[in-house]
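[1] requesting a structural model of the entry that follows:
(one chain, ligands or ions: 1)
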Amino acid sequence: MEGFPISYNFTRLVLLLTWSLIVYLYYSFWWRPELRLRKQGIRGPPPNFLLGNIPEIKQAIVQNRSESTPSIEGDSFSGFPSFKQWCKKYGNTYMFKLGTLHFLYATNPFMVKEMKLFRSLDLGKPAYLQKDRGVLLGKGIITTNGPAWSHQRKILSPRLSVDKDTLNIIVESGSTVIKSWERILMESKDGLDADIMVDGHMRSFTSCIISKLMFGHDHCRGMNVTARCHTLFKAMGTATTIGIPFLRYLPTKANRNAWRLAKEIHSMILDIAKDRCGSSTTKDILQVILEGSENDGPGPSNAHEFIVDNCKDMLLAASEGTAISAMWGLMLLASNPEWQARARSEVKQVCGGHLPNFNMLGKMKVLKMVILEVLRLYPPVALVSRRALQDVKLCDMQVPKGVNIWIWAPALHRDPDLWGPDADKFNPERFIDGVSGACKSSHAYIPFGVGARLCPGNKLGMIQLKVLLAMILSNFNLSISTNYRHSPTLGLLLEPEHGVNLVIQKI
Ligand code: HEM
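    The predicted model follows:
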């Protein structure tokens, strides 16, 4: 080193360290999981350096839109056409990248079975849900892992059972939808029929229910929070914005809008929470969350974060998933008049003109088959996702730590080898003997997810759908409007891109 000034040596050292860090990061985060999966014979489309396969995915979506108009009994990949292309090329297990994140597409009943049986906390939810979707979902029950998640799940799940009071709330919200549709008909040109977009009505139905369950007597303020959460939900990008380094920090118009909404929601929820002043006369969901935040639940969240993020997660999970299922359900009933008539005749026979109660709901077998079929063809949570939090073994594969696993439910739900040649058709009859009678594998039906993370609101969601559809069917005739444009689109959920337009007639 003699003869070289100290500053020269120091610069060389810094350069060497920086280079080593780059190589280390590149190897650890970009290359290693890819190599380890490749060694096991798993292939996939070659990724771009920083964007992964995002450009290819975007191109496939644009091309798919220009080349074909999706039909109601269309194929299972219309929300994400790249999956279809890659399945053809690499089979139904392959790897790809979104930005710098690794994904393993593994859509088969064996993977579902393994996930169902997997009991350790080494399989959790993907980190991108807290990072790229953090402004919406934060660190609540949907995104956390390990002991923090167990704590949230333990306090929230029991509060989602459906008792008589909950059913009354659901029926009351159903009556509001019926009244508002009757009003629309009265104000229509001939008073006989009206062309309506059902989306807003479905969202009011579900958000009214969850606001009452969550905020009790403060449900009106709760409705405002739910409406803001919906706006924020809509402001979130599609899957093609996941994994792009630093994107979530950039002050783009979309990010600034999302940050502003998140701030508003934060203060709205905390205002409601503060006004409780420790009173716990009712055990609504907010009360349970407030107590959970005090009982020093494990995990990094501070109390305010715990309250706000869990309220947001519950509001979103409960209102969006159920509302979108209801939209798909109405669309399919309107497109299948024979099933609509069959379900209506059952409802009329069972309810005899009365509002539904538990006993009646239990007797509506046809309606249950219809709902199972709706969730089979259009599961709103189309991507069931997990992340290997440690190296894990699944289906004889070593899945390296950090790899995200995606199961594309529509492909599983419409696989003709499992469901028969009419897999793309709306045929509720297939569920006459339940899920096991409808499909060769009971692991091929996952509208409420799988294993430890199975939707804790599944019963509540099913009852809401049953009550709402029963009440609508006994009051209105439904047909598809000429304004309806079928276009299932994957945002955060699988939604009708242009909404659902129906023509309603009073019966
Ligand atoms: C038809 C309506 C609904 C559908 C189709 C649905 C579907 C799902 C699915 C697929 C998941 C992910 C499961 C997984 O990753 O394995 C989920 C999670 C969740 N759902 Fe639902 N859901 C519905 C209604 C509800 C309702 C009404 C609530 C609450 C009142 C709710 C609360 C949740 C929560 C809190 C989670 C996260 C659970 C966790 O990660 O531990 N859902 N839902």
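[2] name the nearest residue to His413, ignoring sequence neighbours.
    Nearest residue to His413, sequence neighbours excluded (Cβ to Cβ, 6 or more residues apart in numbering): Arg376, at 4.6 Å. Where you see a C-beta, it was placed from the backbone N, CA and C, and this is true even at glycine.
[3] what helix or strand is the one you found on?
    helix 365-377 (DSSP states H and E).
[4] list the buried residues of the longest helix seen in the chain.
    When the chain is parsed with DSSP state H, its longest helix is helix 303-335. Of all the residues in helix 303-335, those buried under the rule 16 or more other Cβ atoms under 10 Å are 305-335.
[5] filter those down to the ones near the ligand?
    313-314, 317-318, 321-322, 325 (Cβ under 6 Å from any ligand atom).
[6] count of residues packed around Asn9?
    11 (other Cβ atoms under 10 Å).
[7] oh sorry, the question was meant for Val288
    Neighbours of Val288 (other Cβ under 10 Å): 18.
[8] these two touch, right, it and Ile155?
    Yes. Using Cβ atoms under 8 Å, Val288 makes contact with Ile155 at a distance of 5.4 Å.
[9] re earlier: between the helix holding Arg376 and helix 303-335, what angle do the directions make?
    110 degrees (axes from the mean of the first three to the mean of the last three Cα atoms, to 10 degrees).
[10] who's in contact with helix 365-377?
    Contacts of helix 365-377 with the rest of the structure, by Cβ atoms under 8 Å, 6 or more residues apart in numbering, involve 325, 328-329, 332-333, 339, 342-343, 346-347, 410, 413-414, 419, 424, 426-432, 435, 438, 445, 447, 462, 465-466, 469-470, 473.
[11] next, the buried residues of that helix.
    366-377.
[12] out of the residues you listed, who's nearest Arg119?
    Distance to Arg119 across the buried residues of helix 365-377 (Cβ to Cβ) is lowest for Leu375, with 25.9 Å.
[13] sec struct for Pro70, please.
    coil (DSSP: H, G, I helix; E, B strand; the rest coil).
[14] what's the neighbour count on it?
    17.
[15] you'd agree it is up against Phe77?
    No. The pair Pro70 and Phe77 fails to qualify as a contact (Cβ under 8 Å) at a distance of 10.1 Å.
[16] avg pLDDT for the helix holding Arg376?
    For helix 365-377, mean pLDDT is 98.
[17] now do the SS call for Asp424.
    Per three-state DSSP, Asp424 ends up coil.
[18] in which helix or strand does Gly449 reside?
    Counting by DSSP H and E, Gly449 is part of no helix or strand.
[19] does it touch Gly461 like I think?
    No. Here Gly449 lies out of contact with Gly461, judged by Cβ under 8 Å, at a distance of 11.5 Å.
[20] quick one, which of those two is more surrounded?
    Gly461 (24 against 20).
[21] nearest spatial neighbour of the more buried one, skipping sequence neighbours?
    Nearest to Gly461 is Thr322, by Cβ to Cβ, 6+ apart, at 4.9 Å.
[22] hmm, Lys466 and that neighbour touching each other?
    No. With contact defined as Cβ under 8 Å, Thr322 does not reach Lys466; the gap is 11.2 Å.
[23] follow-up on the earlier one: show me which residues of the following helix or strand past the longest helix of the chain are buried.
    Using DSSP H and E, the next helix or strand after helix 303-335 towards the C-terminus is helix 337-351. Using 16+ other Cβ under 10 Å as the test for burial, helix 337-351 gives 339-340, 342-344, 346-347, 350-351.
[24] what mean pLDDT does the particular helix or strand that has Phe205 in it get?
    When elements are assigned from DSSP H and E, Phe205 belongs to helix 199-215. Averaging pLDDT along helix 199-215 gives 96.
[25] could you check the angle the helix or strand following it makes with helix 199-215?
    Going down the chain from helix 199-215, the next helix or strand is helix 219-235, by DSSP H and E. Orientation check (the same axes, to 10 degrees): helix 219-235 against helix 199-215 gives 130 degrees.
[26] so for helix 219-235, mean pLDDT?
    Mean predicted confidence for helix 219-235 is 91.
[27] for whatever helix or strand comes next after it, packing partners?
    Using DSSP H and E, the helix or strand that directly follows helix 219-235 along the chain is helix 253-275. Packing partners of helix 253-275 (3 or more Cβ pairs under 8 Å, 6 or more residues apart in numbering; DSSP states H and E): helix 134-137, helix 219-235, helix 285-294, helix 303-335.
[28] which neighbouring elements make contact with the third one?
    What that stands for is helix 285-294. helix 146-156, helix 199-215, helix 253-275, helix 303-335.
[29] contacts for the helix holding Phe205?
    159, 166, 169-170, 173-174, 176-177, 180-181, 219-223, 225-227, 230, 272, 284-286, 311, 314-315, 318-320, 322-324, 326-327, 330, 464, 468, 496, 499-500.
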